[in-house]
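# here is a sequence with its predicted model. Questions after.
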Amino acid sequence: MWVFPASQTTAKLPTTVTAHFNYYPPRNSPEPPTSSTTLKPASTKHTTDNNRLIRSLCRKGNLRQALKLLAHEPNPAQHTYELLILSCIRHESLSYGLQVHRHLLDDGLDQDPFLATKLINMYSELDSVDDARQVFDKTRERTIYVWNAIFRALALAGNGVDVFDLYRQMNWSGIESDRFTYTYILKACVASESSVSLLRKGKEIHAHILRHGFESCVHIMTTLVDMYARFGCVRNASCVFDEMPMKNVVSWSAMITCYAKNERPFEALELFQEMILDNQDSLPNSVTMISVMQSCAALVALEQGKLIHGYILRRGLDSILPVMSTLVTMYARCGKLEIGQRVFDQMDKRDVVSWNSLISSYGIHGYGKKAIQIFKDMISHGVSPSHITFISALGACSHAGLVEEGKMLFDSMRREHGMYPRMEHYACLVDLLGRANQLDEAAKVVEDMRIEPGPKVWGALLGACRIHCNVGLAERACKRLFKLEPGNAGNYVLLADIYAEAKMWDEVKRVKQLLEAKKLQKVPGCSWIEVRKKVYSFMSVDEFNPQSEQAHALLVKLSMEMKDRGYMPQTSIVLYDLEEKEKERVLLGHSEKLAVAFGLINTNNGETIRISKNLRLCEDCHSVTKFISKFANREIVVRDVNRFHHFWDGVCSCGDYW
């Protein structure tokens with residue numbers, strides 16, 4: 001059980017949500033030194049009245065009048081131009097920025113490195129990275145501040161490869177990196193829009209950082225943690241974090257987020273508990289709480305989630321929209337949809353993310369029509385849907401089998417909202433049609449796509465083939481998937497499942513040999529259950545849980561009783577050449593069955609059992625859980641990778657459609 005120290009609840013509250021783990025130093029820090037080598041005299045003694053008036057107008061926000069006066073000022077000072085450039089950023093006006101730049105060129109100040117730095121930052125903020133690059137290319141005297149400015153601009157624009165080309169040039173020129181340089185270069189690794197992975201470059205920068213003694217800089221090391229996290233290198237990120245001599249809230253948040261985003265929610269909650277108990281100076285902020293709530297949702301840890309909700313209220317973080325939107329999602333994914341709805345209803349303000357959270361929540365519980373109604377309510381409230389909105393709504397249609405509604409929704413994207421469908425939307429449409437056994441139409445959607453089908457689209461088609469045992473279409477999808485995702489063992493396993501369902505055992509053997517030859521391993525099934533505010537994890541044939549023997553014994557007993565009442569173990573899903581009894585034993589070792597048995601042993605009669613699983617619920621586990629819910633007179637809530645299953649009195653809320 002977590003205890004939150006009372007002293008931590010009265011801390012000063014953050015007023016905005018900032019993605020601290022994507023750290024960028026403030027725009028005005030460090031301030032590059034002013035330069036006087038190419039400037040006209042600009043001291044207070046020689047500054048004209050026009051200079052003072054222009055600066056005053058900039059501070060008051062009257063940029064247009066300031067630009068009119070600039071045309072009549074023969075001797076603009078460096079500080080005057082600095083304020084003009086900052087005013088262009090505040091006004092978000094590229095046209096004004098170009099005017100200031102032209103004046104600066106006419107006055108012969110284009111080679112001042114201080115102003116060049118300011119111009120690069122301005123063009124970056126105004127989303128004109130090409131102009132920023134032109135300023136850099138024409139600047140002959142490049143200080144470290146000029147280099148840092150272009151690194152930052154290119155990283156923000158997603159041009160990571162260009163950043164490394166320039167970084168190499170900077171090293172050749174003899175300019176030494178500072179702490180901001182490393183921060184921007186690391187950010188460029190993960191911000192790149194190129195298909196080329198820059199992880200290797202990131203590791204090289206890590207070595208540079210250690211060689212030059214920057215390992216004590218908390219900002220650099222935090223960005224390094226984030227870089228490894230984005231590439232899924234959790235162990236590397238953890239090593240960097242553990243070796244940091246100093247940590248702040250940004251560092252803790254970065255590592256917690258690393259665990260949460262890389263399917264390690266258990267570790268995320270453990271680290272958060274350590275942060276709370278052992279670090280009085282590192283108070284969790286809104287970013288921390290979002291990642292923690294996502295981890296509670298992943299584990300269906302309702303009691304932990306309630307504690308987190310209380311902490312959010314005590315800290316006053318309930319005024320921050322992203323926090324409340326995540327809270328809605330957390331309750332829904334812990335099986336308490338009604339509480340999520342209540343949180344949403346009590347929100348003073350709602351943005352598109354808040355509405356998306358609610359639409360998605362109803363969708364994963366199988367309430368497709370309700371999700372569509374919420375989508376319509378959002379439109380009527382004047383909130384424009386985002387691409388995520390359509391993914392959530394289409395997913396809701398898919399889980400509920402609302403084919404016609406989903407097709408109309410997909411068509412409305414371009415017709416009514418001016419949005420072109422992305423890869424994810426096509427994947428949702430293919431999944432919608434495929435689940436409904438309209439595989440020919442799903443295949444036609446793939447053929448007629450205006451963009452090249454990616455792994456998500458082909459994966460959706462393969463998943464539908466798995467449900468309906470369509471061997472020919474599955475082989476076609478896998479032919480593409482094996483090229484697009486050569487290291488994804490799940491595609492091979494799905495194909496083997498389809499062959500097994502079709503009794504094509506030679507093909508099953510061939511696929512298994514391919515897996516072995518490529519040294520690929522199936523993702524092991526893992527399930528989590530929360531009992532008395534503590535989360536327990538189970539894997540198939542778990543040897544480490546002290547109550548696993550009791551759980552197995554209970555499952556064997558229940559299995560015998562269920563067989564007397566018509567239960568038939570679905571041994572066809574076991575892809576091993578074993579005797580039937582041995583296959584039944586393998587089925588009883590599935591992680592979700594172990595978690596259900598553990599819940600029956602360790603919870604009170606009438607108490608709801610809540611379980612989360614990292615994979616799709618298999619047909620046998622689905623059947624067994626229906627039986628157990630009736631025999632034990634228990635509500636059992638299972639969330640698999642796709643949706644929620646509410647089992648009660650021998651019936652599942654999904655209607656056996658998942």
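All right, it came through fine.
# centroid-nearest residue for the protein?
residue 261 (5.9 Å; C-alpha atoms, centre = their mean).
# wait, what's in contact with that residue?
With contacts taken as C-beta atoms under 8 Å, 6 or more residues apart in numbering, residue 261 has the following neighbours: 229, 291. C-beta here means a position set from N, CA and C on the backbone, and glycine is covered the same way.
# what average pLDDT does stretch 649-658 get?
When pLDDT is averaged over stretch 649-658, the result is 88.
# need the distance between the two termini of it.
With C-alpha to C-alpha, to the nearest Å as the measure, the first residue of stretch 649-658 is 19 Å from its last.
# contacts for that stretch, please.
Under the criterion C-beta under 8 Å, 6+ apart, residues 365-366, 399, 401, 435, 616-617, 622, 625-627, 629-630, 633, 640, 642-647 lie in contact with stretch 649-658.
# just the buried ones from those, in ChimeraX syntax?
Here is the ChimeraX selection string for the buried members of these, based on 16 or more other C-beta atoms under 10 Å:
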select :365,366,399,401,435,616,617,622,625,626,627,629,630,640,642,643,644,645,646,647
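# residues near residue 321, how many?
Using other C-beta atoms under 10 Å, residue 321 has 16 neighbouring residues.
# pLDDT wise, what is it at?
Reading off the model, residue 321 has pLDDT 95.
# ok, it to residue 347 distance?
Using C-beta to C-beta, to the nearest Å, residue 321 is found at 8 Å from residue 347.
# shared neighbours, those two?
When contacts are counted by C-beta under 8 Å, 6+ apart, residue 321 and residue 347 are jointly contacted by residue 354.
# now, the contacts of stretch 649-658 that are in helices?
399, 435, 622, 625, 626, 627, 629, 630 (DSSP state H).
# between those, which sits nearest residue 358?
Using C-beta to C-beta, residue 399 is the member of the ones in helices among the contacts of stretch 649-658 that lies nearest residue 358, at 15.2 Å.
# was I right about the closest one contacting residue 640?
No. At 11.4 Å, residue 399 and residue 640 do not qualify as touching, with contact defined as C-beta atoms under 8 Å.
# okay, now the domains of this protein?
In terms of domains, the chain is parsed into 429-517, 546-652 (source: automatic domain parsing).
# let me know the average pLDDT across the first one.
Per-residue pLDDT values over domain 429-517 give a mean of 94.
# tell me where the protein has strands.
Taking DSSP state E as the test, the strands found in the chain are 526-531, 534-539, 609-613, 636-639, 644-648, 651-652.
# can you give me the helices for the stretch 51-200 of the chain?
When assigned using DSSP state H, counting those that start in this stretch, the helices of the stretch 51-200 of the chain occupy the ranges 63-70, 78-90, 94-106, 113-125, 129-138, 144-156, 160-173, 179-191, 199-211.
# how about these in a markdown table, adding mean neighbour count?
Rendered in a markdown table, the data for the helices of the stretch 51-200 of the chain read as follows (neighbours: other C-beta atoms under 10 Å):
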| stretch | mean neighbour count |
| --- | --- |
| helix 63-70 | 18 |
| helix 78-90 | 21 |
| helix 94-106 | 17 |
| helix 113-125 | 25 |
| helix 129-138 | 17 |
| helix 144-156 | 24 |
| helix 160-173 | 16 |
| helix 179-191 | 24 |
| helix 199-211 | 16 |
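# of all the ones you listed, which lies closest to residue 612?
Ranking these by their distance to residue 612 (criterion: C-beta to C-beta) puts helix 179-191 first, at 28.2 Å.
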